[in-house]
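# dropping a prediction and its sequence here:
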Amino acid sequence: METSKNYTLVPTFGNSFGTGFRVMSDNFLRLLLVTLVLVILTAPFSGSGFRFDPEDLPHGAFDWGKLFGNNLQSLFAVGALGMLGIFVGLIALAYTFLAAPVISYGGDFIFVEAVRGKKPDFELLIKGFWTNYFYIILANLLVTALVVLGFFMLIVPGIIIACRLVFVSYIVMDKKLDPIEAVELSWKLTRGHGWRIFAMGITSFFIFIFGMLMLIVGILPAIMWISSSFATLYQSVLIQKEKPAEIQEAAA
């Protein structure tokens, strides 16, 4: 058993959620701001409700419907819709894979720093852009590919892979390892904790749903609690796995 600040860190289900709640409470305003930024910046196109209607197009002196017939006007409208859809889709895709992971990984590490008793540093949200940018992007792509491949293999392997690679974002930011090393270390650290991580994932789903039922305003605290809990589990497992090695080095 190890402590960080005044937190008792043990890699168990109850301790992760219990300590995670304390971490959230002790840093509530700062972590609330971090979570709000994450929600906004990692889902920029969600909920936009964008719809294209040819009737919304301005009708000036050169009304194509009158000059060439309504069919041609509809054709131009459909073409404009298609081009606009492709453009927005490409922008969204690029943002999803080339920018959002940096912010998401930085946000994850802010919660780890909070568990370690450090004041959350907002710069971590964007620091990855000029430090280990390519490691973050490639690690995110690798994890996504492995999980998707696992889900194609009758779903269960995908769940196992997702659980075993849950620490990759923390490792890339914390240890500055390349994607392959981060995946290998996450697989090693989560050995023996797979069922615990799966149970935490299921519980997190219900916490999120409960937050939505609290007139929507509970979503942010729910996300904060979930993030703090998984960050607590990472730090607990890290201490458990690394401490024997540190003792051996000290003895030598």
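On my side now, so go ahead.

# was I right to think Thr19 contacts Thr12?
No. Taking contacts as CB atoms under 8 Å, Thr19 lies outside contact range of Thr12: 9.8 Å. To be clear about C-beta, it is placed using only N, CA and C from the backbone, and glycine gets the same treatment.

# the more surrounded of those two?
Thr19 (24 against 14; other CB atoms under 10 Å).

# host element of that one?
helix 13-26 (DSSP states H and E).

# after that helix, next one along is what?
Once the chain leaves helix 13-26, the next helix or strand it forms, by DSSP H and E, is helix 28-41.

# can you get me a residue count around Glu123?
9.

# helices of the chain, start to end?
With DSSP state H as the criterion, the chain has helices at 13-26, 28-41, 64-68, 70-98, 100-115, 124-127, 133-152, 156-164, 168-175, 179-189, 194-213, 219-251.

# can I get those in JSON lines with distance to Tyr7 and mean pLDDT?
Formatted as JSON lines, the helices of the chain follow (distance: least, CB to CB, whole Å; pLDDT from 0 to 100):
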{"stretch": "helix 13-26", "distance to Tyr7": "5", "mean pLDDT": "97"}
{"stretch": "helix 28-41", "distance to Tyr7": "14", "mean pLDDT": "94"}
{"stretch": "helix 64-68", "distance to Tyr7": "67", "mean pLDDT": "46"}
{"stretch": "helix 70-98", "distance to Tyr7": "34", "mean pLDDT": "72"}
{"stretch": "helix 100-115", "distance to Tyr7": "7", "mean pLDDT": "96"}
{"stretch": "helix 124-127", "distance to Tyr7": "20", "mean pLDDT": "93"}
{"stretch": "helix 133-152", "distance to Tyr7": "27", "mean pLDDT": "95"}
{"stretch": "helix 156-164", "distance to Tyr7": "24", "mean pLDDT": "95"}
{"stretch": "helix 168-175", "distance to Tyr7": "16", "mean pLDDT": "96"}
{"stretch": "helix 179-189", "distance to Tyr7": "19", "mean pLDDT": "97"}
{"stretch": "helix 194-213", "distance to Tyr7": "17", "mean pLDDT": "95"}
{"stretch": "helix 219-251", "distance to Tyr7": "8", "mean pLDDT": "81"}
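
# ok, the spatially most central residue of the chain - contacts?
Nearest to the mean C-alpha position of the chain, counting by CA atoms, centre = their mean, stands Ser104 at 4.6 Å. Neighbouring residues of Ser104 by CB atoms under 8 Å, 6 or more residues apart in numbering: Leu38, Thr42, Asn140, Ser169.

# repeat the analysis, applying 10 Å as the threshold.
Leu38, Leu41, Thr42, Leu125, Gly128, Ile136, Asn140, Ser169 (CB atoms under 10 Å, 6 or more residues apart in numbering).

# need those residues in JSON lines (columns: distance to Gly158 and neighbour count).
Listed next are these as JSON lines, based on distance: CB to CB, whole Å; neighbours: other CB atoms under 10 Å:
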{"residue": "Leu38", "distance to Gly158": "24", "neighbour count": "22"}
{"residue": "Leu41", "distance to Gly158": "27", "neighbour count": "17"}
{"residue": "Thr42", "distance to Gly158": "21", "neighbour count": "17"}
{"residue": "Leu125", "distance to Gly158": "29", "neighbour count": "21"}
{"residue": "Gly128", "distance to Gly158": "26", "neighbour count": "22"}
{"residue": "Ile136", "distance to Gly158": "22", "neighbour count": "25"}
{"residue": "Asn140", "distance to Gly158": "16", "neighbour count": "22"}
{"residue": "Ser169", "distance to Gly158": "18", "neighbour count": "25"}
